[in-house]
Each structure stands twice: as C-alpha cells, then as structure tokens.
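[1] sequence isn't available, so here's the structure alone:
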C-alpha cells in the first residue's frame with residue numbers, strides 16, 4: 001500500500017471519528033457474509049456503525065485524536081463500533097449480537113476488546129454497566145425530586161393529624177348536640 005493511500009485512509013478515519021466520544025473495539029473472525037450483513041443492518045437501524053480498520057493506521061489516528069487505547073488491543077483483526085445514544089446502549093447491543101452469534105455459530109470468534117468512553121479506555125464489562133442517557137436522566141430527576149417529596153411528606157404529616165383531630169372534635173360536638 002502506497003504512502004498516499006495510507007494517508008488518505010488515515011484522513012478518512014480521522015474525519016469519521018472526529019466527533020465520536022464512545023466506541024468499542026471488536027475482534028470478529030470467521031463470520032459469514034449473510035450474518036455480517038444482517039448484523040450491520042440491525043445495528044444501523046439503531047444508529048450504530050461498524051468499520052474494519054488496519055491496526056497500524058488506526059493506532060496512529062487514535063493517538064492523533066487523543067483516544068487512549070492500550071497497545072495490546074491492536075493485535076488481530078479490529079472492528080470499530082460507535083453510535084447509539086450512549087456507551088451503555090452500544091455495549092449492550094454488541095453484547096446481544098455476541099451472544100446471538102455464539103449460540104448460532106460457535107465457530108465464530110466475536111470478542112469485544114475494549115471500550116473507549118470520552119477518550120479514555122475502560123473494560124467492556126464496565127461499559128455494559130454504565131447507565132444509558134435515559135437511566136442517568138431518571139436518576140437525576142429522582143435525586144432532585146426526592147428532597148421535595150420528603151419535605152412535602154413532613155409538612156403533610158402534622159397537618160393531616162391536625163385535620164383528623166379537628167374532625168374528631170367536630171364529630172364529638174355533633175354527637176353531644
């Protein structure tokens with residue numbers, strides 16, 4: 001491969017990954033074309049992209065972009081997966097496909113190597129347990145509303161006891177008259 005072709009490939013990969021914060025490096029081997037196409041189409045519907053890269057060129061691009069990936073991840077075939085609403089959704093979709101392929105085609109190698117979250121590498125297992133955007137927003141709303149709910153409960157408690165006592169007095173007054 002000529003130097004010009006390598007430079008063009010690196011520039012194309014750099015443009016593709018310029019806005020990407022979260023991605024997963026995969027090792028996929030011995031997967032037939034039909035399953036590959038089906039997987040790509042399914043993931044594309046979920047806004048997830050797959051791209052096979054040449055390790056030496058990808059390692060250079062990652063260094064240039066400041067994406068932190070250990071050197072041992074650049075061994076063997078490497079496929080980049082990115083997209084989705086969060087790293088958690090991306091990791092869960094990849095895990096679903098890995099499990100599906102392993103049960104249907106045990107001879108296929110489908111191994112996530114590592115995840116990159118906001119330019120920092122984390123294990124794939126960690127990435128699966130990150131909250132999705134929706135889960136994080138739900139937790140945040142719960143944290144914001146919890147003190148208010150507690151305060152309302154504290155204010156309603158004595159007021160409801162006072163109302164109950166006033167009703168009891170009113171009923172007592174009605175029964176004596």
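    Ah, there it is. A quick note: this is a predicted structure, and the numbers were derived from the prediction, not measured.

[2] which phi and psi values does the nearest residue to residue 21 once chain neighbours are set aside adopt?
    Distances taken as Cβ to Cβ, 6 or more residues apart in numbering put residue 118 closest to residue 21, at 5.2 Å, once the chain neighbours are dropped. Heads up, the C-betas are built off the backbone N, CA and C, glycines and all. The phi/psi pair for residue 118 (degrees, to the nearest 10) reads phi 50, psi 50.

[3] run a quick neighbour tally on residue 118.
    10 (other Cβ atoms under 10 Å).

[4] so where is the protein shaky, pLDDT-wise?
    For the chain, the stretches with pLDDT under 70 are 176-177.

[5] walk me through the domains of it.
    The chain breaks down into these domains under automatic domain parsing: 3-130, 131-177.

[6] deepest of those domains, which one?
    Stretch with highest mean neighbour count among these: domain 3-130 (a mean of 16; mean count of other Cβ atoms under 10 Å).

[7] strands of the protein, start to end?
    Under the criterion DSSP state E, the chain contains strands at 22-29, 48-53, 78-83, 109-117, 120-122.

[8] out of those, which is closest to residue 68?
    For the strands of the chain, proximity to residue 68 was assessed by Cβ to Cβ; strand 120-122 is nearest, at 5.0 Å.
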